[in-house]
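Student: below are the sequence and a predicted model for it; my questions follow.
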Amino acid sequence: MRHLICPRFCRYYKPDKTEDPGCGGLEYLKRRPELAGQVPSLAPPSRDPLYGLSPDDPRLLVVCGMCAFLVDGCDFRDPLVSDEECEPCGGLKVVAGLLAAGLELGL
Ligand code: SF4
């Protein structure tokens, strides 16, 4: 799942650095391997990084709530960082994209 998501979707991706655990979105999707076939057909977002979903969408908040980077390590969820200076990680983008495409992810 990591190779499907991080290089294509994540602004913070570094090919020489693997963080384990990964972001909440990636870890969630790793537990749903049946969704791997959906990811390659998802186009990376061009303008809206969450494919039209609100950052406060409760399903996305669930994913971020499970993330090891939420408390100290995520600019996107840091209220002191402006929207222009950050964007969600690739895992959250993919979760948002799948939800926006109508998939029921059980979140
Ligand atoms: S947006 Fe931030 S808190 Fe949410 S899953 Fe990604 S890294 Fe974690």
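Tutor: Received, thanks. Numbers count the residues shown, from 1 in each chain.

Student: low-confidence stretches in this protein?
Tutor: The chain contains no residues with pLDDT under 70.

Student: what does it put close to the ligand?
Tutor: Residues of the chain found near the ligand (Cβ under 6 Å from any ligand atom) are 23-25, 63-64, 67, 69-70, 74, 76-77, 88-89, 91-92. All C-beta spots, glycine's among them, are computed from the backbone N, C-alpha and C.

Student: ends of stretch 38-46, what's the gap?
Tutor: From its first residue to its last, stretch 38-46 covers 18 Å (Cα to Cα, to the nearest Å).

Student: dump the lengthiest helix in the chain to CSV, keeping only the CA atoms.
Tutor: Criterion DSSP state H: the longest helix present in the chain is helix 90-100. Output of helix 90-100 as CSV, limited to C-alpha atoms (Å, rounded to 0.1, in the frame of the first residue of the first chain):
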residue,chain,number,x,y,z
GLY,A,90,-0.9,11.3,1.0
GLY,A,91,-2.7,8.7,3.1
LEU,A,92,-5.4,11.2,4.1
LYS,A,93,-5.7,12.3,0.5
VAL,A,94,-6.3,8.8,-0.7
VAL,A,95,-8.9,8.1,2.0
ALA,A,96,-10.7,11.3,1.0
GLY,A,97,-10.5,10.4,-2.6
LEU,A,98,-12.0,7.0,-2.0
LEU,A,99,-14.8,8.4,0.1
ALA,A,100,-15.5,11.1,-2.5
